[in-house]
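Chemist: whatever this is, show me its structure:
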Amino acid sequence: MRALIFCLFFYITLFANHHREPISLQLTWLHQFQSAGFYVAQEKGFYDDLDLNVTIKEYQKGLNVVDAVLAKKSTYGIGRSSLIIDRSNHKPVVALMALFQYDPSILITTNPTIQTPQDLFNRTIMMSLDKLNSASMISMLLSHGVKVEDIFVQEPSFNIEDLIQHKIDAMACYISNEPFTLSKQNIPYTILNPKEYGFNFYGDILFTSEDELTLYKERAKRFYTATKQGWEWAFEHIPETAQLIYEKYNTQNKSLEALIYEGETLKKLAFDDDKPYGTLEPEKVEAIRNVYKISGMLQNIHSLEGFIDPLHFAKDIVKIGVLASREDQEIMPKTWSNSEQYLSDLFTSHQFVIIPLSFEEMEKKIQHGDLDFIITNPMFSIQLSQAYGISQIATISPRYKNHFYSEYGSVIFTKADATIERFNDLHEKKIGAVSPRSFGGYLLGMKEIGMPSLEKNILFFGTHANVVKAVLEGRVDAGIIRTDVLENMQEDNLISLSDIKILHAKKYPDFPFLVSTELYPEWVLAKTSHASEYLTNEVLSTLLKFSSKPKNKQEFRLTTPLDNSKVHALMQEFNIYPYQKEPYTFIDALLKYKYFFLGLFIPFIMAIFFIMHIQRLNKKLREHAIEIGNFNATLEHEVEERTHQLTLLNSKLKELANTDELTKIDNRRHFFLLATQYFYASKRNDLELHIFSLDIDLFKQVNDTYGHAIGDEVLKSFCHTIKEIIRQSDLFGRIGGEEFCICIQNTTLEGATTLAEKIREHIQNTVVVIDTQELPKITVSIGISSLQKEDNEIFDIIKRSDEALYRAKRNGRNQVQIILK
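Modeler: Predicted coordinates for the structure are as follows:
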């Protein structure tokens, strides 16, 4: 019996392990809190839950982690910023996750003659090759004139006694480890931290090979998910995680106190603002690559495309449904592929998927909560809003030949050789349209034709392209489609406009498309009830901000929602949901006035009831007359008081909606709204208008040094100083963090420049004391740009003022720069 039980247990274990995929992870150092997330994922069963059998390998002296992964000795590895060098040298490594947003690596010394990086010239430093190649370390050394060849590098011995006994001058370590050990032994030391010199680059980076992502995409996703879960749990439960490492992974014999200290220190370096854990940003990676270029360590300058999370594990999927104009499954996705990539590139935490759908498919997906946003015609948007609570947030302006258009109409057309010349010729003819729900592909055309009797001759084909095909093949005599379809199909070599005849052709200024009707607001971008307000605000603000990006990267751009009153009026005219008029029958009248009809049959009963109670009611009315009068007086007073309170509350809510809570100036949304009004007023009246982009220099150091409370006081003082200088008519808003904008009208460029210099000087010279504590002095960099004739919206000016601001910061900060074009 025991033998049978043993065999059964053996086979169950073997079967379970067979279904757990074996992979391995090569660490870049010895076991400690530096790798805590992996231990947690292992011990808490996060890997097991996703059918992964993970082997965690401790670092061995002389091991090259990148070579081990590429040689498939390990599936995944922990690297440093030098992975960028490997990628540029054509090594197929792929970065998946930044374990630390700020590099924990430092140089530490017990030599009192070493106080700055410059003092390391011709000194012996114990560090591994990957730490020597880290961007943070190289940047700190180069910024003080010390090159790699100016120091003597010694392989790590893993023994801090070499530093204590001055066998070496300095050693590379983590800020979370050796400083704690030296402090416990009361040994004086000096830390040279790249972060304190302004070099905030990534620390450890989880990476793998391209082969792993190509051959085992689904497995890689599972490993990424479980690992991220492990790290988030580790930093939320530092004492428990430290206890786990102390009991199971303590190859260095660290104390529990040391492990807890390490965890708390690393947690401060693992997160950056509100970004999700593990975020890798292309801009930051590019900055690291520039460091390697300057240092001469990067000889092969190649694109890093496909290096950072190429399968978008770190991004949440955002689904946008769009009405399809064609049924060709090869063409439909291609139509929107550029937009998918453009949107995904704008957001570090979202991957956009655009799904072409029919009317029926779109409605079904909205019902089931399968879409976050939709792009559809204004009529269908109104209907979906009534039925499912979608909300229009912007108007889409599609691109055509590098221009964007916010209006469209219908094209009524036939074959070029047809005998049909005018609408009257359509009697007894077959007419093709897209769908009864199509605004441009049906309703606008029927309004223009103006012959309700033709409705019986309408055939629906589902898409605009199908309507065109039906006309050219002779299956119908004429067709109704939206503007721009014919031009785009000709560009795709699907048709020739010479085969088409337009009925009742119209022309509008600056409108490039064939059209037979009036123009109406373009398609809308709407959020579904499934999409969160946070996601909606993030998407909308980002797209509006980047609407001035190079147009060849955009398939469309956004504008604020246009007035759809013409669309509502047309739907009412044609009795279209939700404006349809139902037939009014006798049953409807009976149900509506049922109590009236009932009263006709019992008049005497009602009269008797009235006579019996009238005296008693009158008596009660007299008795309570005084009470009612007093009650009315009290109620009137309470109503007045509540009305006053509501007025104050509404005023406060309006202020909160438009004002930055900390600085009491316009918030981002309200500033852009007012600045847009200034922009159009200036364009219309040919007035000068200027935008200042302001950024407090090195403000993060203020927060890091003095804390966020002092940082907030600095921001309030900064805004108060500027409000005392600018005019009441000038706009002043907080765009985000330490970034601000000023919009001024009716001032020459010379006057604007003088005002900017005045602001800069006042900020530089302002001294503020709060509770006897003097706030840290600050300086400000300012970029200026002015309204040009070719500008289409306020963001065109803001883009240039931002570029001028970045020039001011690159040139040393605390200055004013101007870019006009």
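
Chemist: C-alpha only now, for contacts and for neighbours.
Modeler: OK.

Chemist: all the helices of the stretch 651-800 of the chain, residue numbers only.
Modeler: Assigned by DSSP state H, counting those that start in this stretch, the stretch 651-800 of the chain shows helices spanning 668-685, 699-706, 708-725, 749-765, 794-810.

Chemist: counting contacts, what elements does the third one pack onto?
Modeler: The reference is to helix 708-725. Taking 3 or more C-alpha pairs under 8 Å, 6 or more residues apart in numbering; DSSP states H and E as contact, the helices and strands that helix 708-725 lies on are helix 699-706, helix 749-765.

Chemist: which of those is buried the deepest?
Modeler: Mean neighbour count, computed with mean count of other C-alpha atoms under 10 Å, is highest for helix 749-765 among these, reaching a mean of 17.

Chemist: name the residues that touch that helix?
Modeler: Helix 749-765 has contacts (C-alpha atoms under 8 Å, 6 or more residues apart in numbering) with 690, 692, 718, 721-722, 725-726, 744, 777-782, 784, 786, 814-816.

Chemist: any idea of the mean pLDDT in that helix?
Modeler: Per-residue pLDDT over helix 749-765 has a mean of 95.

Chemist: could you check the angle helix 708-725 makes with that helix?
Modeler: Put simply, helix 749-765 runs at 140 degrees to helix 708-725, going by axes from the mean of the first three to the mean of the last three C-alpha atoms, to 10 degrees.

Chemist: and stretch 350-359, average pLDDT?
Modeler: 83.

Chemist: any idea how the chain splits into domains?
Modeler: By the record's domain assignment, the chain is partitioned as 21-101+203-295, 105-197, 316-404+525-571, 416-509, 668-818 (automatic domain parsing).

Chemist: mean pLDDT lowest where, among these?
Modeler: Of all the domains of the chain, domain 316-404+525-571 has the smallest average pLDDT, which comes to a mean of 78.

Chemist: show me how far that domain is from its chain's centre.
Modeler: Using C-alpha atoms, centre = their mean, to the nearest Å, the distance from the centre of domain 316-404+525-571 to the centre of the chain it belongs to is 15 Å.

Chemist: and what of stretch 474-485?
Modeler: How far stretch 474-485 lies from its chain's middle: 39 Å, per C-alpha atoms, centre = their mean.

Chemist: end-to-end on that stretch?
Modeler: Terminal residues of stretch 474-485 are spaced 19 Å apart (C-alpha to C-alpha, to the nearest Å).

Chemist: returning to that earlier point: export the helices and strands packed on helix 708-725 as a markdown table, with columns for distance to I614.
Modeler: A markdown table is the format used below for those (distance: least, C-alpha to C-alpha, whole Å):
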| stretch | distance to I614 |
| --- | --- |
| helix 699-706 | 78 |
| helix 749-765 | 80 |
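
Chemist: among those helices, which comes closest to I576?
Modeler: helix 749-765 (53.7 Å; C-alpha to C-alpha).

Chemist: just the strands in the stretch 201-350 of the chain please.
Modeler: 205-209, 316-323, 350-357 (DSSP state E, counting those that start in this stretch).

Chemist: reformat these as CSV; add mean neighbour count.
Modeler: Output for the strands of the stretch 201-350 of the chain, formatted as CSV (neighbours: other C-alpha atoms under 10 Å):
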stretch, mean neighbour count
strand 205-209, 24
strand 316-323, 19
strand 350-357, 20
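
Chemist: so which of these is nearest I382?
Modeler: Of all the strands of the stretch 201-350 of the chain, strand 316-323 comes closest under C-alpha to C-alpha, at 14.7 Å.

Chemist: tabulate the CA atom coordinates of that closest one in CSV.
Modeler: The C-alpha trace of strand 316-323 is given here as CSV (Å, rounded to 0.1, in the frame of the first residue of the first chain):
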residue,chain,number,x,y,z
ASP,A,316,-3.2,48.8,-20.8
ILE,A,317,-5.2,48.2,-24.0
VAL,A,318,-7.5,51.0,-25.0
LYS,A,319,-10.1,49.9,-27.6
ILE,A,320,-11.5,52.5,-30.1
GLY,A,321,-14.3,51.4,-32.4
VAL,A,322,-14.7,53.2,-35.7
LEU,A,323,-17.3,52.8,-38.4
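
Chemist: so for stretch 779-793, first residue to last residue, what's the gap.
Modeler: Using C-alpha to C-alpha, one end of stretch 779-793 lies 30 Å from the other.

Chemist: what's the longest strand in this structure?
Modeler: strand 391-400 (DSSP state E).

Chemist: please name every helix or strand in contact with that one.
Modeler: Partner elements for strand 391-400 (3+ C-alpha pairs under 8 Å, 6+ apart): strand 524-527, strand 556-559.

Chemist: what's the next secondary structure element after the first one?
Modeler: When you say that, I think you mean strand 524-527. Using DSSP states H and E, the helix or strand that directly follows strand 524-527 along the chain is helix 533-545.

Chemist: how about residues contacting that following helix?
Modeler: 346, 393-394, 527, 557-559, 795.

Chemist: between that helix and helix 794-810, how big is the angle?
Modeler: Using the same axes, to 10 degrees: helix 533-545 against helix 794-810 is 90 degrees.

Chemist: specify the angle between helix 533-545 and strand 316-323 in degrees.
Modeler: 70 degrees.

Chemist: list the contacts of P282.
Modeler: P282 makes contact with I308, according to C-alpha under 8 Å, 6+ apart.

Chemist: start to end distance for stretch 57-77?
Modeler: End-to-end for stretch 57-77, by C-alpha to C-alpha: 9 Å.

Chemist: hang on, the earlier thing: paired strands for the longest strand of the chain, with orientation please.
Modeler: In its sheet, strand 391-400 lies beside strand 403-404 (antiparallel), strand 524-527 (antiparallel), strand 556-559 (antiparallel), with partners assigned from DSSP bridges.

Chemist: for R616, find the nearest of the ones you listed.
Modeler: Taking C-alpha to C-alpha, strand 524-527 is the member of these nearest to R616, at 59.7 Å.

Chemist: ok, residues contacting that closest one?
Modeler: By C-alpha under 8 Å, 6+ apart, strand 524-527 touches 372-378, 381, 390-396, 536, 561.

Chemist: what subset of those residues is buried?
Modeler: Buried members of these, counted by 16 or more other C-alpha atoms under 10 Å: 372-378, 381, 390-396, 536, 561.

Chemist: what about F574, neighbour count?
Modeler: Residues lying near F574 (other C-alpha atoms under 10 Å) number 15.

Chemist: now it: how far from Y520?
Modeler: To Y520, F574 is 16 Å away according to C-alpha to C-alpha.

Chemist: same check on Y261?
Modeler: The gap separating Y261 from Y520 is 64 Å, by C-alpha to C-alpha.

Chemist: neighbour count for those two, which is higher?
Modeler: Y520 (21 against 18).

Chemist: picking up where we left off before, closest one to E218 among the helices and strands packed on strand 391-400?
Modeler: Nearest to E218 among the helices and strands packed on strand 391-400 is strand 524-527; the distance by C-alpha to C-alpha comes to 30.4 Å.

Chemist: and K254, what is it in contact with?
Modeler: Residues near K254 by C-alpha under 8 Å, 6+ apart: Y246.

Chemist: now for the nearest residue to I735 once chain neighbours are set aside, how many residues are close by?
Modeler: Residue nearest to I735 in three dimensions, not counting chain neighbours: R668, with 4.7 Å by C-alpha to C-alpha, 6 or more residues apart in numbering. R668 has 19 neighbouring residues, counting by other C-alpha under 10 Å.

Chemist: got it, and G198?
Modeler: Residues lying near G198 (other C-alpha under 10 Å) number 14.

Chemist: quick check: it vs R482, distance?
Modeler: To R482, G198 is 55 Å away according to C-alpha to C-alpha.
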